[in-house]
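In: Turn this into a model:
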Amino acid sequence: MRTHASVVIIGAGVMGASVACHLAMRGCHDVVILEQFDTEVQGSTARSAAGVRHQFSHEINVRMSQYGIERLRHFQSEIGGESGLRQVGYLFLITDEENWQGYREATAMQNALGVRTQLLKPNEVHAIVPDVNLDGLIGATFGPDDGFCDPHGVAMGYLNRARSLGVELIRSAPATAIEVVSGQVVAVQTPQGRISCETVINCAGSWAGVVAGLAGLDVPVQPFRRNIYVTQPTDIIPGQMPLTVDVTSGFWMRKEHDSLIFGLSKPDEPAGYNTAVDWGWLDTVLDAGFQRFPRLGEVQLAEKQCWAGAYEITPDHMPILGRHPDMPSFINAAGFSGHGIMHSPATGLLIAEEVLDGRARSFDIDSLRIERYATGTSFERNII
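Out: From the prediction side, this is the model:
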């Protein structure tokens, strides 16, 4: 194993792959990616439901989605590989005035940025999803340019392009220690050996908080399990279906080929790395699903195809990007709280700028820097 690299990236998921690719495309080839597993793209990326959307309440999230979705549209020509982007839309169903006010304000902001999000009356929803139950609905928002992609395809596209430009991937090489001298990173230790470096980029996903701790830093990222349940092939919802979210319950569902996939976040889920499917939670999920999609009860579950993964969640559900103020050679690209796939193109661009230009410049990421926790922060409201 090599003993030095200018930049060491920890984590070979979609974020590490995108950062490596963007660095290499700008001429920074002396880059090593350390992956803890024996193969790449095995953490949160591999277990993502892969939604992509513009519908956020914070402008920086919208702008990063605009950039990311556009790049996914041109992924084959710009990066190589297939993004699998399907712009089937996102539909948010709202039943209370407080949420409706927030979604109206967010839609106005999105529209001002050029996003085509629409406000819908209840009687307009059936034109998009005919079989949804409208009881209690006071409004909805629909983003026709939202949808989902292939997370493995995106990550491997970035990774393959990066490696073709000289980036080295080292598998089965978890970071076990980060050496710091005079407040700067000087090396990363792995079971395979020591790599000296000038910069470490923390793309460790659910493990980002642990990795930061190796350098003596506190980066508030914790893993929380998310379950995804899959049905047998069914025709209860014919044609195209947007990813549909009942905002009050949190239940979401979309089509995956001829099947349906759905889920619901568990409010009291403890932090941890458990990715076994929570079958005890299924009845609660189905109860919420039946309220909006009564015909879901006609469909059999494909138990062997269900899975669970981890969201890397921050206190405000916003990512942590940029140099750490206490250790400028340690850069974070973590804590995406379920939005990593859609924001990976913008993050790769921004972190490459942070490394090579001294500061991200394509977007103002001050609201995403870790310093925000010392001065107060606001939550992303539109979460699933």
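In: now for the helix or strand containing residue 187, which elements pack on it?
Out: For residue 187, the host element (DSSP states H and E) is strand 184-190. On a contact count with 3 or more Cβ pairs under 8 Å, 6 or more residues apart in numbering; DSSP states H and E, strand 184-190 meets strand 177-181, strand 193-196, strand 199-202, strand 327-334. Heads up, the C-betas are built off the backbone N, CA and C, glycines and all.
In: and with 10 Å instead?
Out: On a contact count with 3 or more Cβ pairs under 10 Å, 6 or more residues apart in numbering; DSSP states H and E, strand 184-190 meets strand 7-10, strand 31-34, strand 177-181, strand 193-196, strand 199-202, helix 208-214, strand 327-334.
In: what angle sits between it and strand 177-181?
Out: 160 degrees (axes from the mean of the first three to the mean of the last three Cα atoms, to 10 degrees).
In: which ones are touching residue 335?
Out: Contacts for residue 335 (Cβ atoms under 10 Å, 6 or more residues apart in numbering) come out as 202, 205-206, 208-209, 219-222, 311-321, 368, 370.
In: do you know how far it is from residue 314?
Out: In this view, residue 335 and residue 314 are 4 Å apart by Cβ to Cβ, to the nearest Å.
In: Quick check: neighbours shared by these two?
Out: By Cβ under 10 Å, 6+ apart, the residues touching both residue 335 and residue 314 are 208-209, 219-222, 320, 368, 370.
In: Tell me which residues touch residue 201, please.
Out: Contacts for residue 201 were tallied using Cβ under 10 Å, 6+ apart; they are 7-11, 15-16, 19-20, 23, 31, 33, 323, 329-334, 351-352, 354-355.
In: Correction: the previous question concerned residue 183.
Out: Residues counted as contacts of residue 183 (Cβ under 10 Å, 6+ apart) are 216, 326-330.
In: Pick out the most distant pair among those.
Out: Maximum pairwise distance in the contacts of residue 183, criterion Cβ to Cβ, is 14.2 Å, between 216 and 328.
In: In terms of neighbours, single out the busier of the two.
Out: Taking neighbours as other Cβ atoms under 10 Å, residue 216 and residue 328 compare with residue 328 leading, 15 against 12.
In: Mind pulling up the pLDDT for that one?
Out: At residue 328, the predicted lDDT confidence score is 98.
In: didn't it look like it was pressed against residue 185?
Out: Yes. In terms of Cβ atoms under 10 Å, residue 328 counts as a neighbour of residue 185; the distance is 9.3 Å.
In: Identify the contacts common to these two.
Out: Counting by Cβ under 10 Å, 6+ apart, the contacts common to residue 328 and residue 185 are residue 199.
In: where exactly do the strands run in the stretch 251-384 of the chain?
Out: Using DSSP state E, counting those that start in this stretch, the strands of the stretch 251-384 of the chain run over 252-256, 259-263, 307-313, 320-324, 327-334.
In: Just send these back as JSON lines, with distance to residue 65 too.
Out: Listed next are the strands of the stretch 251-384 of the chain as JSON lines, based on distance: least, Cβ to Cβ, whole Å:
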{"stretch": "strand 252-256", "distance to residue 65": "17"}
{"stretch": "strand 259-263", "distance to residue 65": "20"}
{"stretch": "strand 307-313", "distance to residue 65": "17"}
{"stretch": "strand 320-324", "distance to residue 65": "15"}
{"stretch": "strand 327-334", "distance to residue 65": "16"}
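In: what's residue 363 sitting at in phi/psi?
Out: Here the main-chain torsion angles of residue 363 (degrees, to the nearest 10) amount to phi -130, psi 150.
In: what's the answer for residue 242, then?
Out: Per degrees, to the nearest 10, the backbone of residue 242 is at phi -70, psi 160.
In: gap between it and residue 159?
Out: Distance of residue 242 to residue 159, given as Cβ to Cβ: 30 Å.
In: For the closest residue to residue 179 other than its chain neighbours, give me its contacts.
Out: Among residues not flanking residue 179 along the chain, residue 187 sits closest, at 4.2 Å (Cβ to Cβ, 6 or more residues apart in numbering). Counting by Cβ under 10 Å, 6+ apart, residue 187 touches 3-4, 8, 177-181, 194-197, 200.
In: those strands in the stretch 51-200 of the chain, which residues are they?
Out: Under the criterion DSSP E, counting those that start in this stretch, strands of the stretch 51-200 of the chain are mapped to 51-52, 90-94, 118-120, 139-143, 147-148, 168-170, 177-181, 184-190, 193-196, 199-202.
In: Can you give me the distance of the closest residue to residue 99 other than its chain neighbours to residue 154?
Out: Counting by Cβ to Cβ, 6+ apart, residue 247 is the residue found nearest to residue 99 once chain neighbours are left out, at 5.3 Å. Separation of residue 247 from residue 154 (Cβ to Cβ): 27 Å.
In: before we move on, what about residue 314?
Out: Using Cβ to Cβ, residue 314 is found at 22 Å from residue 154.
In: More neighbours: which of the two?
Out: Each of residue 314 and residue 154 has its neighbours counted (other Cβ under 10 Å); residue 154 has more, 32 against 25.
In: What does the pLDDT read for that one?
Out: For residue 154, pLDDT reads 97.
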